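Colleague: got a sequence here, can you model it:
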Amino acid sequence: MGIFLGFFSVVHLLVFRFLWEGLLLAAVVSYFAAFGCAYSRRWLLPWMAALVAGVFVRGQVAVAFAILLHIGFMLATPLLLARGGWNRFKSLVFFILGLVASGVVLLFASPLWRAVVPHPFGIVTFGYVIPTPVDWPWYFVGYYIWERVHSLYRGWPKSWRAYFTYREG
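Modeller: Okay, the predicted model is just below:
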């Protein structure tokens, strides 16, 4: 998942260097597309659509669109990754728990990281919303926590060592 985030961040940096609203839109979609791509490559389609839309959508419409996409992907990701009603419910619960757990880590890491590594665009002051290539170390930690907590919806692991090193059966 960290590899996908790194790839998406580099593309955002190259394509949307001067398109601030488009970058926000694509970053919101990539946040969930990177999570989904770890499971299925079909998640590249909404990400590519957001890249294209980011070129044309501007201003308040872009912000509103980004918020709606954020909510939509937040609910769709765990629901699309599971099969059956009960598994989808568990997936959604553990997805949100993982998001909260990783968010706490990123909330505390963001100011420390920004103090050492300034944002490449300079004008961004709202925390960890937009991932960039310089942010990959702590975003990878956040995604790792998020994904590991979310994977618990399938049940407790047989081995905790295998669970943390991705050697699950």
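Colleague: state the mean pLDDT of the helix or strand residue 108 falls within.
Modeller: Take DSSP states H and E as the rule and residue 108 turns out to sit in helix 85-116. Helix 85-116 carries an average pLDDT of 81.
Colleague: please name every helix or strand in contact with that helix.
Modeller: Where contact means 3 or more Cβ pairs under 8 Å, 6 or more residues apart in numbering; DSSP states H and E, helix 85-116 is packed against helix 59-81, helix 136-150. All C-beta spots, glycine's among them, are computed from the backbone N, C-alpha and C.
Colleague: shaky segments in this protein?
Modeller: 1-44, 46-47, 50-51, 53-55, 57-67, 69-70, 74, 118-137, 139, 165-169 (pLDDT under 70).
Colleague: count residues in the vicinity of the residue nearest to residue 98 when sequence neighbours are not counted, would you?
Modeller: Of all residues not flanking residue 98 in the chain, residue 149 sits nearest, at 3.3 Å (Cβ to Cβ, 6 or more residues apart in numbering). Residues within reach of residue 149, counting by other Cβ atoms under 10 Å, total 18.
Colleague: for residue 48, same thing?
Modeller: Using other Cβ under 10 Å, the number of residues around residue 48 comes to 13.
Colleague: circling back: which parts of the helix holding residue 108 are buried?
Modeller: Using 16 or more other Cβ atoms under 10 Å as the test for burial, helix 85-116 gives 88, 90-92, 94-96, 98-99, 101-102, 106, 109-110, 113.
Colleague: again, but for stretch 71-89
Modeller: Across stretch 71-89, burial judged by 16+ other Cβ under 10 Å covers 73, 74, 77, 78, 80, 81, 82, 88.
Colleague: and of these, the nearest to residue 143?
Modeller: Nearest to residue 143 among the buried residues of stretch 71-89, counting by Cβ to Cβ, is residue 77 at 12.5 Å.
Colleague: relative to residue 92, how far out is the closest one?
Modeller: As judged by Cβ to Cβ, to the nearest Å, residue 77 and residue 92 stand 9 Å apart.
Colleague: and for residue 104?
Modeller: Distance from residue 104 to residue 92, by Cβ to Cβ: 19 Å.
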